Structures are given as structure tokens and as C-alpha cells.
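Asks: below are the sequence and a predicted model; questions follow.
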Amino acid sequence: MRIAGYVMLIASSLFLILFVMAELGGGHVGVLPFFISAFLAAMGWSFVKSGRAIVQGQAPAGGITEPATVEMPMFPGIAIVVAQQNARDWRRVLYVAGGFIVLFAVIGALIDLFNAAPGMGSAMLGAFGGLGVVTAVIIAGLSWLAMRLPVKHDLRAAHYLRTTGPMQVVAIPFSTGATLRLADRAFLMNGTAVIRALGSINRGTVDYSAHGHVILAAWDSQGRKVYGAPGYNVELSVVGGSQI
């Protein structure tokens, strides 16, 4: 996830350079393109900053402790739930990517329509349309690498994961997504319902797929279920001796 953050920071810097060059060349692109560059930079910085486990680099206070994460058997029914949840998340990504194509195309069309860049209207429309496609490809490509491809491994895996301990939900700026920081790992999460549910607790247990990090269920520190994916009926008591 931190690598994706660095990629977005680089991409936003390149966009900013292109917009500045357009301004210097006489094309008055306005404020919105610079806002979009700032949006990509803020999102990338969020990935870099929040892509760490909560206790990463900290020595155990009492010496040897139980592992925060344990393996759970991946039954066929659970694999189906993982696939269905991932398909929903992927559709959201495609909507967002398509939205960026439309947004950049509209910016270029407005510049052309109001002749904000005399003699360069058609060129600016093509340039902004191209930037929209590039942005959409970056978003969809990173999401495919982080979501779709890993879930293929999840569906063939013998186990998924259950992590118990402290947790923190970090919102991604200008986005409906968030980063979930757990005791020994951190990853991206999607979906308003699951983000709201996990954001209401700071300690508990989370079940999720090992590679694609599809959230299946979560319980608070008292063992109360705060979130469950449709079709996922496994309870916290499945792992004996699990302590929160």
C-alpha cells in the first residue's frame, strides 16, 4: 500500500508540472486541475503515512505474547463470500475510475467552450481527456494489483486470517475508502458500512482474506459483532481461547 502511495505522489507531481507548463504556454487551465493534483498528492501521502501496523517496530511489553493474527480454515462457502465482496468493491473502483475520465473530459470541454486557451481549445480537450484516461488507468491498475489479483490467491488458499488487538481506521482524503491499521499489519478497505462499523471501535477482532484483505466480519473488545459480510456466519468462538 505504501508503494501505491509513492506512485500517486509521483503521478500528482507530474500532473502539476504539466499544468504549470500549460499555464506558462498561455493556456489558462484554471484552479480545478491544480486541485486534482493536490487531491492525488493527499491520497498518496495518506497511503504512505497510514500504511504501517500499529505496533510495528515496538517490542512486546511483557516478553513473549500470543500472535495477533491466526489462520482460519477457508471453507468453500467462505471463498464464495470473499469473491462476492471483492466483486462489489471492484465495481466501486470502476465507477470512480470512470468518474475521473468524465471529470477531466468536462474540464477540457469547458476550456474549449469558453475559449480559456485561445487557439488551443481542441488541444486542451485532448490533453485533459488523456489525463483523465491516465488517471483512471492508474486507479484501476493499482486497485487491480491490490484487490483483484490478490483475491485470486485467496480463493485458492487453505486459510484466511483473524487478527485480534488494537485497530484504527484512517480515512483517505477526498475518498470514500480508508486504511485499516491492525496490530501487525495495515491495508486498504472499501465500503461505507464496514468503514463506519470498524471506525466505531479501537480494539477488537477482524476476519479477512489473507491477500486481498476482503473484510468478512468484526467484533468489538466485548465480543459483540459490529460487522458481518452477507453470507458469512462464522462466530468469534470458532477459535478457542481467542482473547481481545
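Replies: On my side now, so go ahead. Residues are numbered from 1 along each chain as shown.
Asks: immediately after the helix or strand V170 falls within, which helix or strand?
Replies: Here V170, judged by DSSP states H and E, is contained in strand 168-171. With elements assigned by DSSP H and E, the helix or strand that comes after strand 168-171 is strand 178-181.
Asks: buried ones in the helix or strand that that following strand is followed by, by neighbour count?
Replies: Once strand 178-181 ends, the next helix or strand along the chain (criterion: DSSP H and E) is strand 186-189. Using 16 or more other C-beta atoms under 10 Å as the test for burial, strand 186-189 gives 186-189. (Glycine included, C-beta is placed from N, CA and C.)
Asks: other SSEs contacting strand 186-189?
Replies: Packing partners of strand 186-189 (3 or more C-beta pairs under 8 Å, 6 or more residues apart in numbering; DSSP states H and E): strand 178-181.
Asks: and the strand it packs on, C-alpha only, in CSV?
Replies: Output in CSV follows, covering the C-alpha atoms of strand 178-181 (Å, rounded to 0.1, in the frame of the first residue of the first chain):
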residue,chain,number,x,y,z
ALA,A,178,-9.9,4.1,4.3
THR,A,179,-6.9,2.3,5.7
LEU,A,180,-7.3,-0.3,8.4
ARG,A,181,-4.3,-0.4,10.8
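Asks: what pairs with it, parallel or antiparallel?
Replies: Sheet partners assigned to strand 178-181 using DSSP bridges are listed as strand 168-171 (antiparallel), strand 186-189 (antiparallel).
Asks: which one of the ones you listed has the lowest average pLDDT?
Replies: In terms of mean pLDDT, the lowest-scoring of the strands paired with strand 178-181 is strand 186-189 (a mean of 82).
Asks: list the buried ones in the longest helix along the chain?
Replies: When the chain is parsed with DSSP state H, its longest helix is helix 76-113. By 16+ other C-beta under 10 Å, the buried positions in helix 76-113 come out as 78-79, 81-83, 85-86, 89-90, 93, 96-97, 100-101, 103-105, 107-108, 111-112.
Asks: now swap in stretch 225-238 and tell me
Replies: Within stretch 225-238, the residues that qualify as buried are 226-229, 232, 234, 236, counting by 16+ other C-beta under 10 Å.
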